[in-house]
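> This is a predicted model, with the sequence first.
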Amino acid sequence: MSAPRISYYAHHMGSGHLRHARRILDSGLFELQVASTGERNENLLPARANYVSLPPDVSASSMAQPVTGGYLHYAPAGTHIVERFATLNQAWQWFGPDVVMVDVSVEVALFAKLSGYRVALRRMPGTRTDPAHALAYDIADALFAYYPEQLEDPLHLQKYGHKSHYLAVPEPQLKAAAQETTSTLLTSGFSQRPTVVVQTSLGASIGQAAIIRAARATPQWTWHVLGSVHDDGGQLPENLQLHAVVPDPEAWMAKATVVITSAGHNAVVAAAASGRPALIIAEQRPFNEQHCFAQMLHQATGCMVEDSWDSPVDWNATLERTAVSDGSLLSTALFITQAEFASRLERLTAQLMGSEQRC
């Protein structure tokens, strides 16, 4: 009996969408096709991956957000869009997926449904009661989320619980390369002073000036910032270093006294995997995504959160409280075994493949 075929659409913003596709690929249970914008990210998808490179959905002549009347989020006209969806449809025709998993796009979910495929759409945190999300949730055959059901909004469960699947996240494996880097950091990047490792999202909304204020307020702490920040002025104090994007943030976080992370899903997962006490500070995102996720986690686990980098914070007291908090709170809430993750994926696809398709 052949393995189920999944075509996975991965949104191009950030790296988390492709990381989720990689976890499905690594389960070894499915024939997987991955479609996303641009060339494959070699660090996230191996050479064996069946990858479809889609033309960008923006062009040099049409960068403005088109008006769609509220029922779609992004639906411009132009040959670049024609080519993008033609490429995607041809890839589906060639591959013949049993299920199209959409992570995440209202328009792609609707296109797949109208093309005759079973559609599973990713459910993400945030205020997603707008007409476009409601349309996508209604037409999807299933919804899936990478967090446990215990974190879900009760109102969502009331309306869509019958079609929602909560995959959570398989327990990560610490790479040997990260372990080797950690040994190097013991002698180079870290001192005997308490250390903060800040992890930002790729599309960072954190200003450099806010981090400078925090570091200056805590001269007894050493600060390392991983990821992007926007330079809005200010000279770095001696206890603050900006490292930009690093290849192995896990190794840095594993040695931190305190980890400060954005509330992006992939960022929280990385912080949880470190096992270190964590403080979550949400960044601005559409649909209030990160603020909602931070509050979901705080209510479920009691983990430390702050509203914003720009909010008044007693940084000394906050870091001291975080440092003595339980470093396993996030991992306990988010992670399941590799075997359970695979089992949940199998149940999702089996349910869809056993259902009748309706026009």
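Yep, it's here.
> ok, residue 151 - how many residues close by?
19 (other Cβ atoms under 10 Å). For the C-beta atoms, the positions are set from N, CA and C on the backbone; glycine is no exception.
> Next, the buried residues of stretch 75-90.
Neighbour-count burial for stretch 75-90 flags 75-76, 80-81, 84-85, 88 (criterion: 16 or more other Cβ atoms under 10 Å).
> do stretch 12-23 as well
Buried, per 16+ other Cβ under 10 Å, within stretch 12-23: 14-23.
> if we can go back for a sec, quick one: which two of the buried residues of stretch 75-90 are the most distant?
Greatest spacing in these, by Cβ to Cβ: 76 and 88 (15.7 Å).
> just to revisit the earlier point, tell me which of the buried residues of stretch 12-23 fall in helices.
Residues of the buried residues of stretch 12-23 located in helices (DSSP state H): 16-23.
> Of those residues, which is the nearest to residue 133?
Closest to residue 133, out of all of those and judged by Cβ to Cβ, is residue 17, at 17.0 Å.
> residue ranges for the helices of the stretch 51-200 of the chain, please.
79-95, 106-114, 131-139, 154-160, 176-187 (DSSP state H, counting those that start in this stretch).
> If you could redo that for the stretch 201-350 of the chain, that was the one I meant.
Under the criterion DSSP H, counting those that start in this stretch, the stretch 201-350 of the chain carries helices at the ranges 208-217, 249-254, 265-274, 289-301, 315-323, 329-334, 338-353.
> can you tell me which of the ones you listed comes nearest to residue 120?
helix 338-353 (6.4 Å).
> and the helix or strand containing residue 9, what other elements does it pack with?
Residue 9 is located in strand 5-10, with elements delineated by DSSP states H and E. Where contact means 3 or more Cβ pairs under 8 Å, 6 or more residues apart in numbering; DSSP states H and E, strand 5-10 is packed against helix 16-27, strand 31-37, helix 79-95, strand 99-103.
> Next, the angle strand 5-10 makes with the second one.
In other words, strand 31-37. If you take axes from the mean of the first three to the mean of the last three Cα atoms, to 10 degrees, strand 31-37 sits at 20 degrees to strand 5-10.
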